[in-house]
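*Asks:* predicted coordinates and the sequence they were generated for:
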Protein chains: 2
Amino acid sequence: MKNRQVLISELPTEALTLEHYTMQDAEMPVPGEGEVLLRTILMSIDAANRAWMKGATYRAAVNAGDVMPTYSLCEVIESNSPRLTKGDVVAAESVWADYTTCNARQVQKLPDVRPLSNLMSVYGIPGKTAFHGLVNVGRPVAGETVLVSAAAGSVGVYVGQIAKALGCRVVGIAGGPEKCEWVVETLGFDACVDYRDPNMFKQLRAACPDGVDIYFDNVGGQVLETALFVMNEKGRVVCCGAISQYDTAAPTGPRNLPGLVVVKRLRMEGFIVMDFADQDAVALRALRTWVEAGQIIVLEDIVEGLENAPAALIGLLAGDNKGKRMVRVAPDPE
Amino acid sequence: MKNRQVLISELPTEALTLEHYTMQDAEMPVPGEGEVLLRTILMSIDAANRAWMKGATYRAAVNAGDVMPTYSLCEVIESNSPRLTKGDVVAAESVWADYTTCNARQVQKLPDVRPLSNLMSVYGIPGKTAFHGLVNVGRPVAGETVLVSAAAGSVGVYVGQIAKALGCRVVGIAGGPEKCEWVVETLGFDACVDYRDPNMFKQLRAACPDGVDIYFDNVGGQVLETALFVMNEKGRVVCCGAISQYDTAAPTGPRNLPGLVVVKRLRMEGFIVMDFADQDAVALRALRTWVEAGQIIVLEDIVEGLENAPAALIGLLAGDNKGKRMVRVAPDPE
């Protein structure tokens, strides 16, 4: 058994590059009393990883010299706790490494779902984020128009599909004509607008002839600024993330805020998926129902190999992924 | 009887100046069928007047050559409608002029309150805006901290006093040390921070040791950007106006939006006083109760003379007023 880790050698001040990471061989960690030894199976690659490098958010800031933190699915290899036994599969706040140790109280034992990757996509944080943000914050009603940015992203693919299942008209925003076509053809959105198109505003107007009732915002910045102009009165902006702002030294705010929020009586509301943990069971049952009915298809984008984690994150920030991106470090246990 | 009007001779592209207005003698208007002839008594001077000159908002844009629109209190001089009789006092969407005509259906007959100016301050749009925005949008609870910008402004003076009456800790933001002192001494706020102070952020932190639960935003821009940093999780931003953005060619958005809205799970919500018209009676009863109990004092800033309306508006945009600014064109009828 060999252990490898990926460290942050230097914090980025502008765009993240491969030079900000170093891979190194490391000691095999030894679990203490109450701890477990974990083998990493899948690591979640998220835009939020980059936001963590900018300072404290809902978690402490990440620093140079740290092994890169991650949300991961792991197999218990050795347990010094009565709470878990060898072979259990758990979700953990761990790091980019083959093996880690963790207090058994701080991991969450997972249900027996195969492939395990589904627990990181539709039945994991992306699916639950899409459900809670759209349903509990946005409160859509059949017939309304829902607009979602990063439509091909891990959360966006489910926001749109859930909104369709609920009877809404759904318009996506994504980067490049090929991705926009994929969003319409594969995911069944009613339309998808390319944010790189200089005529984005016109395209958006054309794609939303009745205006927008809910804008599910994953990107912030210029796209949010443009979206506010097509909102209907009493519209809702679900603030889920701001990926356009994470990988830059010069974040820009929408210039029409708060002006249009007043004029159009908008509600903008931020949320974190954990805020709705008490309603996770409801969300998961709904997601399973739609998946089984064929109304939601599961989208995953799996990059092979721990050594490819930095490139996987950098690519995600550039919008390379379609659906939930994760890195496979070891195969699913039998 | 002589009639005068103030026209917008040219729309401002940057800051509003006296040169953008022209005063002229005009014909005495003649009311048609169903119309009334109105003598202007008081004209409301509002930051929103400047926003109207920037394009369509919740009302149509104002153009060069128009007589400047205003919300006013008027006396009916002549009536061609069974709905109103000579001597009635009404609220009207009228213009900067001694006399105007109006369809009798488009004015609102007012209750018999003296002085009439109270119908433009505590029992008018400022008082109702403060009540509906704070109570129905912000939803304060005793013990919470309420922050309000333009604290000495027409709405701000009531937001703070209502919040105090409801048992909240109240912190104002105003321009200059003299005004801040007035807000604390005269209005009874717990503290007031000068937004012109280069250490505004530190002052705000010091004035809000428990953070801010509700920020009632009248100004937008840099002050909003700063306020977001002191908000507590699940805080509410009541978006009432953006006076810092109206009188400029280069509006700026808060750079930390939507980032902090997500991280802190904030709710930002815009409103217009008319949205809550069905609850005006409740608001007015509450305001009257607090005024009679001495918990709310009435603040008015009355400028004499139609010819001084342009200077009154320009001064308001520079923050000269304390409490509701209006222009008196004629004395209260007996």
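*Replies:* That came through fine. Please read all numbers here as calculations on a predicted model, not as lab measurements. Residues are numbered from 1 along each chain as shown, chains lettered A, B, ... in the order given.
*Asks:* now the closest residue to residue A:252 other than its chain neighbours: how far from residue B:253?
*Replies:* Leaving out its chain neighbours, the residue that sits closest to residue A:252 by CB to CB, 6 or more residues apart in numbering or on different chains is residue A:221, at 5.7 Å. C-beta coordinates here come from the backbone N, C-alpha and C atoms, glycine included. Distance, residue A:221 to residue B:253, by CB to CB, to the nearest Å: 10 Å.
*Asks:* same check, this time on residue A:236
*Replies:* Residue A:236 is 19 Å from residue B:253, by CB to CB.
*Asks:* swap in residue A:60?
*Replies:* Here residue A:60 is placed at a distance of 28 Å from residue B:253 (CB to CB).
*Asks:* could you do residue A:49 as well?
*Replies:* 26 Å.
*Asks:* contacts only, for the residue of the stretch 201-334 of chain A found nearest chain B.
*Replies:* Of all residues in the stretch 201-334 of chain A, residue A:253 sits closest to chain B, at 3.3 Å by CB to the nearest CB. Going by CB atoms under 8 Å, 6 or more residues apart in numbering or on different chains, residue A:253 touches A:221, B:225, B:252-257.
*Asks:* try it again at 10 Å.
*Replies:* Residue A:253 is in contact with A:220-221, A:224-225, A:242, A:245, B:221, B:224-225, B:252-259, counting by CB atoms under 10 Å, 6 or more residues apart in numbering or on different chains.
*Asks:* read off the pLDDT value for it.
*Replies:* If you check residue A:253, the pLDDT there is 83.
*Asks:* equivalent analysis for the one 3 residues further on, please.
*Replies:* Reading off the per-residue confidence, residue A:256 sits at a pLDDT of 85.
*Asks:* tally of neighbours for residue A:278?
*Replies:* 7 (other CB atoms under 10 Å in any protein chain shown).
*Asks:* how about residue A:309?
*Replies:* Counted with other CB under 10 Å, the neighbours of residue A:309 add up to 22.
*Asks:* hang on, isn't it packed against residue A:303?
*Replies:* Yes - contact status for residue A:309 versus residue A:303: in contact at 7.6 Å, counting by CB atoms under 10 Å.
*Asks:* identify the contacts common to these two.
*Replies:* A:43, A:45, A:326-327.
*Asks:* just those residues: which are in strands?
*Replies:* Counted as lying in strands by DSSP state E, out of the shared contacts of residue A:309 and residue A:303, are A:43, A:326-327.
*Asks:* which among those gets closest to residue B:103?
*Replies:* residue A:326 (65.3 Å; CB to CB).
*Asks:* list the contacts for the closest one?
*Replies:* Residue A:326 touches A:41-46, A:70-73, A:116-117, A:120-121, A:124, A:154, A:300-303, A:309, A:312, counting by CB under 10 Å, 6+ apart.
*Asks:* show me where chain A has its helices.
*Replies:* For chain A, applying DSSP state H gives helices covering A:47-52, A:125-131, A:156-165, A:177-187, A:200-207, A:221-230, A:243-246, A:259-263, A:280-292, A:309-317.
*Asks:* and the shortest one, is it in reach of chain B?
*Replies:* Yes - shown here: helix A:243-246 in contact with chain B (CB under 10 Å from any CB of the partner chain) through A:245-246.
*Asks:* can you tell me the residue of the stretch 1-150 of chain A closest to chain B?
*Replies:* For the stretch 1-150 of chain A, CB to the nearest CB, closest residue to chain B: residue A:57, 5.1 Å.
*Asks:* quick check: closest non-adjacent residue to that residue.
*Replies:* In space, residue A:57 is closest to residue B:263, 5.1 Å off (CB to CB, 6+ apart).
*Asks:* confidence score at the one you found?
*Replies:* Reported pLDDT for residue B:263: 87.
*Asks:* same question for the lowest-mean-pLDDT helix or strand in chain A: list its buried residues.
*Replies:* In chain A, the helix or strand scored least confidently by mean pLDDT, DSSP states H and E is helix A:243-246, which has a mean of 84. For helix A:243-246, the buried set under the neighbour-count rule, 16 or more other CB atoms under 10 Å in any protein chain shown, comprises A:243-246.
*Asks:* show me what that helix is packed up against.
*Replies:* The contact analysis (3 or more CB pairs under 10 Å, 6 or more residues apart in numbering or on different chains; DSSP states H and E) places helix A:243-246 against helix A:47-52, helix A:221-230, helix A:309-317.
*Asks:* any idea how far stretch A:319-334 is from the middle of the chain?
*Replies:* 13 Å (CA atoms, centre = their mean, to the nearest Å).
*Asks:* for it, buried residues please.
*Replies:* Across stretch A:319-334, burial judged by 16+ other CB under 10 Å covers A:319-329.
*Asks:* my guess is residue A:310 meets residue A:22, correct?
*Replies:* Yes - the pair formed by residue A:310 and residue A:22 meets the contact definition of CB under 10 Å, at 9.4 Å.
*Asks:* need the overlap of contacts for those two.
*Replies:* A:6, A:8.
*Asks:* between these two, which has more neighbouring residues?
*Replies:* residue A:310 (23 against 14).
*Asks:* neighbours around the nearest residue to that one once chain neighbours are set aside, how many?
*Replies:* Using CB to CB, 6+ apart and skipping the chain neighbours, the partner closest in space to residue A:310 is residue A:21 (4.2 Å). Residue A:21 has 20 neighbouring residues, counting by other CB under 10 Å.
*Asks:* what sits against residue A:21?
*Replies:* Taking CB under 10 Å, 6+ apart, one finds A:6-10, A:68, A:96, A:307, A:309-311, A:313-314 in contact with residue A:21.
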